[in-house]
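Enquirer: coords below, sequence missing:
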C-alpha cells in the first residue's frame with residue numbers, strides 16, 4: 001500500500017495525520033480509544049481498531065474525491 005500524506009493537526013507533539021492510499025482507502029493516525037465505556041458502545045471485530053482524531057483533520061479530505069455510499 002502506498003501512502004500519500006494529506007494533512008495533520010499536530011499539536012504539542014501529538015500527530016493526528018490523514019493519508020490517502022492507492023487502495024481506495026484513507027489511513028488515519030490518531031489516538032487509540034481506550035475508555036471502557038466508549039468501547040462498550042462499539043462492536044470492534046478482531047483485526048480492527050478504533051481511533052479518534054480532531055474534526056479539523058477532516059478538512060484535508062480531498063473535496064469531490066469520494067462519493068457517499070448508499071447503505
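Expert: Yep, it's here. Quick caveat, the model's predicted, so the values are computed rather than measured.
Enquirer: is the most centrally placed residue in the chain in a bridge, and if so with what?
Expert: For the chain, the residue nearest the mean C-alpha position is residue 28 (3.2 Å; CA atoms, centre = their mean). Under DSSP bridges, the beta-bridge partners of residue 28 are residue 18.
Enquirer: mind checking how far it is from residue 40?
Expert: Counting by CB to CB, to the nearest Å, the gap from residue 28 to residue 40 is 22 Å. Glycine gets a C-beta too; all of them are placed from N, C-alpha and C.
Enquirer: Please enumerate the strands of the chain.
Expert: Along the chain, the segments classed as strands by DSSP state E run 3-8, 17-21, 26-29, 31-32, 51-52.
Enquirer: wait, isn't residue 26 in contact with residue 58?
Expert: No. Assessed by CB atoms under 8 Å, residue 26 is found out of contact with residue 58, at 10.0 Å.
Enquirer: Overlap of the contact sets of these two?
Expert: residue 18 (CB atoms under 8 Å, 6 or more residues apart in numbering).
Enquirer: picking up where we left off before, now, of the strands of the chain, which is deepest in the fold?
Expert: Mean neighbour count, computed with mean count of other CB atoms under 10 Å, is highest for strand 17-21 among those, reaching a mean of 18.
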